[in-house]
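Asker: please work out how this folds:
(chains A and B)
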Protein chains: 2
Amino acid sequence: MPKPAPAAYPELCSLLREAATLNAVGSLVSWDQETYMPPAAAAARAEQSSLLARLVHERRTNPRVGELIGACENDASLNGDGAVARSLREMRRDYDLATKLPGSLVAELAKVGSQAQEVWKKARADSDFAAFAPWLERMMALSRRKAECYGWPREGEIYDALLDEYEPGMTSRQVGAIFTPLRTRLTDLLGRLMASRNKPGDAPLKAKIPQEAQHRFGLTVLKALGFDLDAGRLDVTTHPFCSGLAPGDTRLTTRYRDEKFTDALFGTMHEMGHGLYEQGLPKTPEHFGTPLADAISLGIHESQSRMWENFVGRGKPFWRWALPHARKAFGRPFATMTLDRIYRAVNIVTPSLIRVEADECTYNLHIMVRFELERALLSGGLKVKDLPGEWNRRYKEYLHIKIPDDRRGCLQDVHWSFGLVGYFPTYTLGNLYAGQFWEKIRRDLKDLDTDLARGRFDGLKGWLNRHIHAHGKRYRAGELCERVTGRPLSADPLLRHLETKLGEVYGL
Amino acid sequence: MPKPAPAAYPELCSLLREAATLNAVGSLVSWDQETYMPPAAAAARAEQSSLLARLVHERRTNPRVGELIGACENDASLNGDGAVARSLREMRRDYDLATKLPGSLVAELAKVGSQAQEVWKKARADSDFAAFAPWLERMMALSRRKAECYGWPREGEIYDALLDEYEPGMTSRQVGAIFTPLRTRLTDLLGRLMASRNKPGDAPLKAKIPQEAQHRFGLTVLKALGFDLDAGRLDVTTHPFCSGLAPGDTRLTTRYRDEKFTDALFGTMHEMGHGLYEQGLPKTPEHFGTPLADAISLGIHESQSRMWENFVGRGKPFWRWALPHARKAFGRPFATMTLDRIYRAVNIVTPSLIRVEADECTYNLHIMVRFELERALLSGGLKVKDLPGEWNRRYKEYLHIKIPDDRRGCLQDVHWSFGLVGYFPTYTLGNLYAGQFWEKIRRDLKDLDTDLARGRFDGLKGWLNRHIHAHGKRYRAGELCERVTGRPLSADPLLRHLETKLGEVYGL
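Answerer: This next block holds a predicted model:
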């Protein structure tokens, strides 16, 4: 029975809030699993996680939620362009997505994905693509079924259905339209950088910094940049991540190695970018559980992490501030470090085999390879058996690099093994959004470089809070980009940023 | 519709298992709150905890659970004395307890308890009993209502209803019958110890041991004694506790101070005793969620912690093994420590004001004061306004000590403020059970002292696993005590232990 909408919306929020609260518990349970859980707890933990996931799913697909959304949609007073109307649009989307997949398919994806991931682990270790190929076939077939349940616009293609899950409203045509010129110009830039006779030296990265000192320095940076450690933490895990797990509770992780302290530092700054977004979302009692307290998309989330990691962390103003602090924290290995040496070293560009180790410039080329190949695999234009050849050909063409084996080639990423198809582009979309926001920020904050060099990061953080974080899911990514920067997403700002900075570093 | 019992019991187990799994998540959430949760997360955390508590309660009071228990009870094949019959007896008890309290009373207890606890905090800080008195009245009134919902045997008294919640099957008459002779003999022993001219010196306790060294030593002890750190952890919190939160996941906490390293050490050993019980319970996929995987009572749980803390940790054989390890871990402050000095120092007895700081002998006198007073408060025989006077009179009589203010008198414990009435006796019951088990263990394990002195703790741990832990709730505490020791619970073994050991230490 449709209820009068004025009462329906609060009831809806309260039902979704319970789902969000259970989901927060699920996030804590996952965080603990990666940080402090004793190994023998694994089996019981799997049962806890799966029970929580079921309870969350039951609440999100509760038919009463569907009824209430319908009632609100029929209420003219809630239509239009206000916050509630936009919140409802996203509730509708979430509800439809959650109810479109039959339980049997969800279960099969989880089960086959979990098996395929195990097979992938071994296949990667053995560099044995043939062992993984049949499982990749199965996961692609399941992904196709998933895409068919979701559906896609008549003028689009099957890949859109999956991309839309991670980047709502984005299509493969749009991605292709941006990626193609980006690839050409990045390949060109890379060629010029590699031909330079004035390459930066990597000695600064080889300084041996004790992990304890790295951790102290990481915390100094987090605090200075504005991450609220009363509402968050920094811990150590095998794979760094950020979990904005509940209101007032955003947890970052990082990992330390004795060499290449910049891995941990930029890893921490990257996760902190995600963390500032989570801390900036309006997770108030009024909004928590509704789309108004949620992040827009993976691409926008990634724009926040990349901005702090690359635009700030690999910029000269940041190091002007950070170097004295690093000298103090690191002691002897940093005693004679100069601004110029460290700044140039953190901007070294090298074509490399492994995506997660790639630099700011070549990273996007790694992504494009994956986007093109998963798009073709899903549509059937590329056969699984032909994947290694196509992978290697593209690495040759885009990165001028020869793949020695599939372990360091098409077997390197975990994503496809458990069904993450349509996810990769969001990494580069994040870089693109970051580039476009960054140009606008530089126009809005005239003293940005001076401020950063003096350790005044609150202007930048405040800008992001106001223009990006505060809106929750009120706008879709493309809409936000246009509202904030006045233009649709384009590759130009990122390219200008890379060409200018790397051109200077490499003395082009 | 009663189902045939063969199918009913598995369904029952599966329903209770889901409740137990959610309860495990609730325990993790509480553990995190005490260990790593950022302060700003408190409000969201309260909501998560209360939601989980509600979901657990819904599952435990699910009418279907009642139906299934009824169906099993009517099935002759499940009657008798087997594990399933005993499991059903405890399921019935748990279900009845959970369904006897009306929701409104549960809510009122939680709400008033939470307010009263805040008032108590301030009243204790200000040593202002008058401020707390009206809240204690309310909590006692609510406790009376709770007891009336539970009910008690005709030949008993109202206090039994509450005691039974923590120590199933125990009555205040039984407690009184054991406590009275215990009090007389303890008071007598205390008098003789205090009159000794050969008191141990406390210099060993004043050694300044860095917290890091204390932590390393604590871990060494945990490992040696048999706590499985692959299935557990040790962290630092304000108030030490043990949470056997899930199969394969038992977490201990402790706290360190630079002085009196024995506080942390015995705290760790105490919690580890609880932890070994949790690790020894048969939390298998078959039993987890049923009473067969649960601890018997608070008293039996406490017997395990007290045994490792006092019977092992304050014994000479343990220190024969531990001293060289302590020397290695603590360095200079322990360089000249002798077995005799440390052994005597950890057995110092001093009448003191504060229960949680009390020694092995006087601790039980603190408990008796509380037992007598809460029993009288509940029955109405003692008015709240007369509590401080009665408290102080008893401390004078039992411990020969004058209470300087209510802060260090009847306001010192948090328990009554949130409705824990009937709980205190389980601390001393734990000491008594431990004493009685310990005598039996010494008869069964002829080489116990030699083994402990050589760091062979597995014989003792194995005995506890077999005779106590493995049974879950198959036996009630009194029944287990008789099965294991051949006698009903008595104060004699604990008294013999204290008289012998302390007599030797004090040269009586």
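
Asker: from now on I want contacts and neighbour counts done on CA atoms only, so please keep to that.
Answerer: Will do.

Asker: now do the contacts for the most centrally placed residue in chain A.
Answerer: For chain A, the residue nearest the mean C-alpha position is residue A:302 (3.8 Å; C-alpha atoms, centre = their mean). For residue A:302, the contact set (C-alpha atoms under 8 Å, 6 or more residues apart in numbering or on different chains) comprises A:274, A:426, A:427, A:429, A:430, A:431.

Asker: what's the answer for residue A:109, then?
Answerer: Each residue near residue A:109 by C-alpha under 8 Å, 6+ apart is listed here: A:139, A:142, A:418, A:419.

Asker: residue B:328: which of these is nearest?
Answerer: residue A:418 (49.7 Å; C-alpha to C-alpha).

Asker: quick check: residues of chain A near chain B?
Answerer: Contact residues, chain A versus chain B (C-alpha under 8 Å from any C-alpha of the partner chain): A:18, A:21-22, A:24-25, A:28-29, A:37-42, A:44, A:47-48, A:51, A:229-233, A:246-249.

Asker: helices along the stretch 201-350 of chain A, start to end?
Answerer: For the stretch 201-350 of chain A, applying DSSP state H, counting those that start in this stretch gives helices covering A:211-225, A:261-280, A:298-306, A:316-330, A:339-345.

Asker: in the shortest one, which residues are buried?
Answerer: Buried residues in helix A:339-345, defined by neighbour count with 16 or more other C-alpha atoms under 10 Å in any protein chain shown: A:339, A:342, A:343, A:344, A:345.

Asker: do the second one as well
Answerer: Of the residues in helix A:261-280, those buried under the neighbour-count criterion (16+ other C-alpha under 10 Å) are A:261-280.

Asker: same question for the third one.
Answerer: With burial defined by 16+ other C-alpha under 10 Å, the residues of helix A:298-306 counted as buried are A:298, A:299, A:300, A:301, A:302, A:303, A:304, A:305, A:306.

Asker: can you tell me which residues contact residue A:59?
Answerer: Contacts of residue A:59 by C-alpha under 8 Å, 6+ apart are A:15, A:16, A:18, A:19.

Asker: tell me which of those fall in strands.
Answerer: Members of the contacts of residue A:59 lying in strands (criterion: DSSP state E): none.

Asker: out of the contacts of residue A:302, which is most surrounded?
Answerer: residue A:274 (29 neighbours; other C-alpha atoms under 10 Å in any protein chain shown).

Asker: surely that residue is in contact with residue A:304?
Answerer: Yes: Residue A:274 lies in contact with residue A:304 (C-alpha atoms under 8 Å); the separation is 5.8 Å.

Asker: quick one, the biggest helix by length in chain A and helix B:5-35 angle?
Answerer: For chain A, the longest helix by residue count, based on DSSP state H, is helix A:5-35. For helix A:5-35 against helix B:5-35, the angle by axes from the mean of the first three to the mean of the last three C-alpha atoms, to 10 degrees is 80 degrees.

Asker: angle of the very next helix or strand once past helix A:5-35 against helix B:5-35?
Answerer: Using DSSP states H and E, the next helix or strand after helix A:5-35 towards the C-terminus is helix A:42-60. If you take the same axes, to 10 degrees, helix A:42-60 sits at 90 degrees to helix B:5-35.

Asker: related to what we said a few turns ago, selecting buried members of the residues of chain A next to chain B in ChimeraX, what would you type?
Answerer: This is the ChimeraX syntax for the buried subset of these, where burial follows 16+ other C-alpha under 10 Å:
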select /A:18,21,22,24,25,28,29,37,38,40,41,42,44,48,51,229,231,232,233,246,247,248,249
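
Asker: farthest pair in the contacts of residue A:59?
Answerer: Farthest pair in the contacts of residue A:59, by C-alpha to C-alpha: A:15 and A:19, 6.7 Å.

Asker: the more surrounded of these two?
Answerer: residue A:19 (22 against 18).
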